[in-house]
Every structure is written in structure tokens, then in C-alpha cells.
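> The following comprises the amino acid sequence and a computationally predicted model.
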There are 2 protein chains.
Amino acid sequence: MTASPPANQVSLADFQLLIRRMYHEKDVARGVEGTFMWLMEEVGELATALRNGSHEERLGEFADVLAWLTTIANVVGVDLSQAVLAKYGAGCPGCGRFVCTCPDAGKP
Amino acid sequence: MTASPPANQVSLADFQLLIRRMYHEKDVARGVEGTFMWLMEEVGELATALRNGSHEERLGEFADVLAWLTTIANVVGVDLSQAVLAKYGAGCPGCGRFVCTCPDAGKP
């Protein structure tokens, strides 16, 4: 994790704040369950793009899944940066290594 | 999007690189379809955590969904920073505003 990424990089915290400013009022009104259904719709569109889509279409669908996941995090008060640092910041949650050495049969 | 986030922030690019270094060999061997199924399993665990989980459990599930989404992006060569900047960097894709003014009946 670099301390000074280039200006064109996007931090998880900045993206989460962007989505909050853009949509939070609507997100809270919709609630977790309604928002989760939108996430699922976007996950389906991602599946379609992975099967048949162009690179550009895939870019759009990854962004949308990330945005709806972030929206749910905003609604329930989860900080995505804190979440990934806690789970992956000290290495693979399975083996503790930064290059995973878990058995191939395991999840990672 | 700030140019110099604090060192404890995580950039999307850094997280994508972390996941690549940690898991890429296994990810490529598994392929998109097998990886997508792991994403779905984690999405299900997120749903469970949203219904019944503690804040700590939710943190873990958000991190896992983000990690498996990132893994698929790595396998298909999608840059998540580029994806979100292209889709959301100029405002809401629907109305073009940084605080969304799309009709409430619309998706956002």
C-alpha cells in the first residue's frame, strides 16, 4: 500500500465518499434490501459481460457492481478501507502470507 | 478524488495489485467461471451478515466480496480504477451531476 499514489488513482475511501455524496439520500430511503436487489441485478449484468461483452462493457459492469456494493456499505455504516485492511492487510487470511500458499483445494 | 490520501487509505489500484500478488496464479488456473462461483458464495455470506451479522462480520464479508470481484477483474484484465473513473468520475451516469438528481423511479 503506497503512501502517495498518483493523482489519477482512486482510493476506496474517496470512491465511497463519492457514492455517498451522489446517492446517499436515495440509498437510505431504499434501504439495505432494495439496494441488495440492485446489486444482484448488476452482478447479473457483470456475468453477461464476462461471457459476451467487450472490454468497455466489462469496465462498466465492474464499476456498477463496485458502486452498488459501496452503496450497501454506506447504508450499513461499513468503511470499505477498514474492511479490506482488516481482512487482507496482514496477508492471506488463510495462510498469513502475502503470496498465498494455501492448499489448492482450499478456497483461495 | 484527493491527490494525496493519508497512508492508511487503500487505493483500488493497490488493492488490486495486492490481490494479484497474493492469488493470481491460482486465479488464472481456476478461470473466470470458477472464480465467479466463489464471488457468488461470498455474496451469499454478505447477505447473511447483512441480515444477522455483527459489524465485524459485515466488515469481513464486504472485504471478501470486494476481493473476489477484484480477482475476476485481474483474470479478465480489467483495471478497477479505470472502470470507476470512466463510469462515475464525471458524475452520476444517469444525470451527470455529482449529487444525483435522477427521478426516484429510476435506478440510482
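On my side now, so go ahead.
> how about the helices of chain A, start to end?
Secondary structure of chain A by DSSP state H: the helices cover A:12-52, A:55-76, A:80-88.
> Report the buried residues of stretch A:30-43.
Residues of stretch A:30-43 classed as buried: A:30, A:32, A:35-36, A:38-39, A:42-43 (neighbour count, 16 or more other Cβ atoms under 10 Å in any protein chain shown). Any C-beta I mention is one placed from the backbone N, CA and C, and that applies to glycine too.
> which residues touch the most centrally placed residue in chain A?
The centroid of chain A falls nearest to A:Leu66 when counting by Cα atoms, centre = their mean (4.1 Å). Contact analysis of A:Leu66 by Cβ atoms under 8 Å, 6 or more residues apart in numbering or on different chains lists A:15, B:66, B:69, B:80, B:83-84.
> Among those residues, which one has the most neighbours?
B:Leu66 (28 neighbours; other Cβ atoms under 10 Å in any protein chain shown).
> And it, how close does it get to B:Gly94?
24 Å (Cβ to Cβ, to the nearest Å).
> Check A:Leu39 too.
17 Å.
> what does A:Val28 give?
The separation that A:Val28 has from B:Gly94, given Cβ to Cβ, amounts to 18 Å.
> ditto for A:Gly34
For A:Gly34, the distance to B:Gly94 - Cβ to Cβ - is 17 Å.
> pLDDT weak spots in chain A?
Residue ranges of chain A with pLDDT under 70: A:1-8, A:105-108.
> Please report the number of neighbouring residues for A:Gln9.
A:Gln9: 19 neighbours (other Cβ under 10 Å).
> and the residue lying closest to it once chain neighbours are set aside, how many neighbours?
Residue nearest to A:Gln9 in three dimensions, not counting chain neighbours: B:Ser11, with 4.5 Å by Cβ to Cβ, 6 or more residues apart in numbering or on different chains. In terms of burial, B:Ser11 registers 23 neighbours under the definition other Cβ under 10 Å.
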